[in-house]
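**Student:** Need a 3D model of the following:
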Amino acid sequence: MIAIVCGFLVWWYGDTQLLTRKTNELARSLSLEAGDRKVTRISKNKNLSALLARDLSCSIKLDDYQSHYNYSQLVEAHLHIGLTYGFCSVQISELNIISIANETANILADFIISTRNNDESENSKNVSVNLVWSKDEIKLRSP
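**Tutor:** Okay, the predicted model is just below:
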């Protein structure tokens, strides 16, 4: 029995499971249900900010759109979406752990992002993201 419990704990707290759980937590923090109240949406924004390193910066390229964001801009953009969009769903369609080093882990994730404005117009995109998790703090870092 002790061997089973120890085996489970090693698996549960292993790098692969921890990174998978944190990436799923990221997707849940980004998702906003239609019935979510403002307090819930603000709480999800706080959860998102806790997953991001303060020195994080990233580039976003979608179709004809390209922009660079830092930590504050990402948190502010998520809060703006939470207060202006009726619905935002972020689902992981594929998750591949590319490398796990001493300090960081690189993950390639494919997300399906669906949004609906308050005027009921819907939009959906498939997005590939390279995530760099810092293993000591379990926070997203800049690549």
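**Student:** Alpha carbons of the longest strand seen in the chain, in CSV - could you do that?
**Tutor:** Counting residues, the longest strand in the chain under DSSP state E turns out to be strand 85-100. Output in CSV follows, covering the C-alpha atoms of strand 85-100 (Å, rounded to 0.1, in the frame of the first residue of the first chain):
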residue,chain,number,x,y,z
TYR,A,85,-16.8,39.9,-24.1
GLY,A,86,-19.8,37.7,-23.2
PHE,A,87,-17.9,34.5,-23.6
CYS,A,88,-14.3,33.3,-24.1
SER,A,89,-13.3,29.6,-24.2
VAL,A,90,-9.7,28.4,-24.3
GLN,A,91,-9.3,24.7,-24.8
ILE,A,92,-6.1,22.7,-25.2
SER,A,93,-6.3,20.6,-28.4
GLU,A,94,-2.7,19.3,-28.1
LEU,A,95,0.0,19.6,-25.5
ASN,A,96,3.6,18.5,-26.2
ILE,A,97,6.4,18.8,-23.6
ILE,A,98,9.4,19.6,-25.8
SER,A,99,12.1,19.8,-23.1
ILE,A,100,12.5,19.8,-19.3
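**Student:** Run through who's touching that strand.
**Tutor:** Outside strand 85-100, the residues that touch it by Cβ atoms under 8 Å, 6 or more residues apart in numbering are 15-16, 19-20, 23-24, 27-28, 30-34, 81-82, 105-118, 120, 126, 135. Where C-beta positions appear, they are placed from N, C-alpha and C, glycine not excepted.
**Student:** Filter these down to just the ones in strands.
**Tutor:** With strands defined by DSSP E, the entries of those inside them are 105-117, 126.
**Student:** Compare these and tell me which is most surrounded.
**Tutor:** Neighbour tally across the ones in strands among the contacts of strand 85-100 (other Cβ atoms under 10 Å): the maximum, 23 neighbours, falls on Ala105.
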